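Engineer: No letters, just coordinates:
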């Protein structure tokens with residue numbers, strides 16, 4: 001294996017240059033606002049607004065339990081007492097808003113009898129207070145997401161569906177499941193998953209943007225780590241063909257079987273070291289900027305939906321890393337196969353083209369048509385997407401095989417096993433024959 005490493009290092013200057021450039025690109029992406037975070041926080045806005053950033057980063061990690069809810073309600077009451085309108089102002093506000101066409105169904109008397117009811121916040125607070133960032137982030141999320149989600153997570157998720165379903169059926173004549181792209185069988189499986197996972201789930205909230213970015217930015221690994229691997233390993237097998245060494249190697253005592261093992265060992269070692277290097281770079285970069293606080297926070301999407309598998313950020317990240325690392329090994333085997341059948345001048349541009357085409361990020365977690373179509377399902381199984389591991393745990397995704405529904409994480413694991421086996425078998429047939 002030492003000889004194989006020495007051959008790989010013959011172009012160490014080129015490798016060092018490509019590694020440096022791609023590392024810088026990966027670091028840049030951790031601050032770029034060119035992609036959606038799971039939580040919906042704009043990275044551009046986060047870095048351009050000091051007050052917003054400080055307020056976000058000051059949020060403490062907390063379990064949303066009975067005491068947390070009581071404290072939040074007391075804080076809201078103090079907020080109302082500090083800013084509430086007078087009874088006469090409340091009446092004028094409600095009358096004025098109704099005249100402007102606002103759909104207000106309650107009366108001023110109802111508001112004044114129950115001023116701490118969050119449903120009446122719009123009527124009892126001035127516009128500038130009601131529309132403040134504190135109101136939006138401290139109280140709106142607490143009353144509309146955190147408290148109902150903590151008290152009854154299954155009911156909260158069902159209520160979200162019922163609300164969206166009623167709106168879409170009225171406005172567009174379609175169900176919410178159809179709007180998201182799910183078949184009836186998929187949606188039924190999704191509901192069963194919620195019923196199984198969420199009844200006993202505890203909600204933990206707080207600042208966790210660093211983990212959000214860490215998981216989200218991994219979608220670009222095919223364009224950074226992938227390119228480094230293509231340059232580093234592209235000549236692993238084709239070098240012997242170029243130097244006309246194949247007949248000589250086939251005539252040796254052990255044929256090429258032993259050489260194949262050494263080459264694969266070198267390739268896997270290089271891929272492992274580089275994958276770890278990129279993870280450490282991202283961890284260090286994010287720890288020094290966003291911080292890695294909030295590891296135990298529940299993964300929440302921008303619309304308040306928790307991770308479909310009920311994960312916290314640390315568990316989410318570790319699972320994504322496991323999929324990404326195994327996917328990187330599949331990607332490495334794919335590079336080796338192309339190196340085995342094509343000269344470097346052809347395999348490298350082909351590898352890059354395939355990676356660029358198949359590695360385009362798959363963001364299906366916050367818009368309509370969340371469910372993969374056929375092309376998405378095929379692309380999700382390519383080596384580039386397996387390396388990124390980005391869509392695996394995002395939202396509910398599944399594949400239908402007749403009447404059998406298999407969720408994406410299990411399909412991905414199966415694809416890694418099957419593709420690894422096929423690529424190894426191909427390399428054994430091409431490179432592992434013993435001399436006769």
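Structural biologist: Yes, it's here. For clarity, every value in this text was computed on a predicted model and none was experimentally measured.

Engineer: Can you name every helix or strand that the helix or strand hosting residue 90 contacts?
Structural biologist: Per DSSP states H and E: residue 90 is located in helix 87-99. On a contact count with 3 or more C-beta pairs under 8 Å, 6 or more residues apart in numbering; DSSP states H and E, helix 87-99 meets helix 108-113, helix 121-124. No exception for glycine: its C-beta is placed from N, CA and C like everyone else's.

Engineer: Can you tell me, leaving aside adjacent residues, what's nearest to residue 369?
Structural biologist: In space, and not counting its chain neighbours, residue 369 is closest to residue 181: 4.5 Å by C-beta to C-beta, 6 or more residues apart in numbering.

Engineer: Now stretch 210-229: buried residues?
Structural biologist: Going by neighbour count (16 or more other C-beta atoms under 10 Å), the buried part of stretch 210-229 is 210-229.

Engineer: what does stretch 177-185 give?
Structural biologist: Buried residues in stretch 177-185 (16+ other C-beta under 10 Å): 177-182.

Engineer: same question for it, mean pLDDT?
Structural biologist: The predicted model assigns stretch 177-185 a mean pLDDT of 90.

Engineer: which outside residues touch that stretch?
Structural biologist: 164-165, 168, 172, 186-187, 190, 368-373, 396, 400, 403, 405 (C-beta atoms under 8 Å, 6 or more residues apart in numbering).

Engineer: let's go with 7 Å and repeat that
Structural biologist: Here stretch 177-185 makes contact (C-beta atoms under 7 Å, 6 or more residues apart in numbering) with 168, 187, 190, 368-371, 400, 405.

Engineer: Could you do stretch 33-50 as well?
Structural biologist: Counting by C-beta under 7 Å, 6+ apart, 31-32, 52-53, 56, 209, 212-213, 216, 299-302, 361, 363, 365-366 sit against stretch 33-50.

Engineer: Low-confidence stretches in the stretch 1-150 of the chain?
Structural biologist: 1, 3 (pLDDT under 70).

Engineer: how close does residue 381 sit to residue 428?
Structural biologist: To residue 428, residue 381 is 22 Å away according to C-beta to C-beta, to the nearest Å.

Engineer: When those two are compared, which one has more neighbours?
Structural biologist: Taking neighbours as other C-beta atoms under 10 Å, residue 381 and residue 428 compare with residue 381 leading, 21 against 14.

Engineer: Pull the contacting residues for the more buried one.
Structural biologist: Contacts of residue 381 (C-beta under 7 Å, 6+ apart): residue 415.

Engineer: before we move on, the earlier item: pick the most deeply packed of the helices and strands packed on helix 87-99.
Structural biologist: helix 121-124 (a mean of 22; mean count of other C-beta atoms under 10 Å).

Engineer: From residue 419, how far out is the residue nearest to residue 340 when sequence neighbours are not counted?
Structural biologist: Counting by C-beta to C-beta, 6+ apart, residue 237 is the residue found nearest to residue 340 once chain neighbours are left out, at 4.3 Å. Going from residue 237 to residue 419 by C-beta to C-beta gives 18 Å.

Engineer: So for the two, which residue has more residues nearby?
Structural biologist: Neighbour tally, residue 237 and residue 419, criterion other C-beta under 10 Å: the higher count belongs to residue 237, 28 against 20.

Engineer: buried stuff in stretch 127-140?
Structural biologist: Neighbour counts over stretch 127-140 (16+ other C-beta under 10 Å) mark 129-130, 132, 135, 138-139 as buried.

Engineer: Including distance to residue 332 and secondary structure, could those residues go into a markdown table?
Structural biologist: Shown next, in a markdown table, are those (distance: C-beta to C-beta, whole Å; DSSP: H, G, I helix; E, B strand; the rest coil):
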| residue | distance to residue 332 | secondary structure |
| --- | --- | --- |
| 129 | 57 | helix |
| 130 | 55 | helix |
| 132 | 52 | coil |
| 135 | 51 | helix |
| 138 | 47 | helix |
| 139 | 50 | helix |
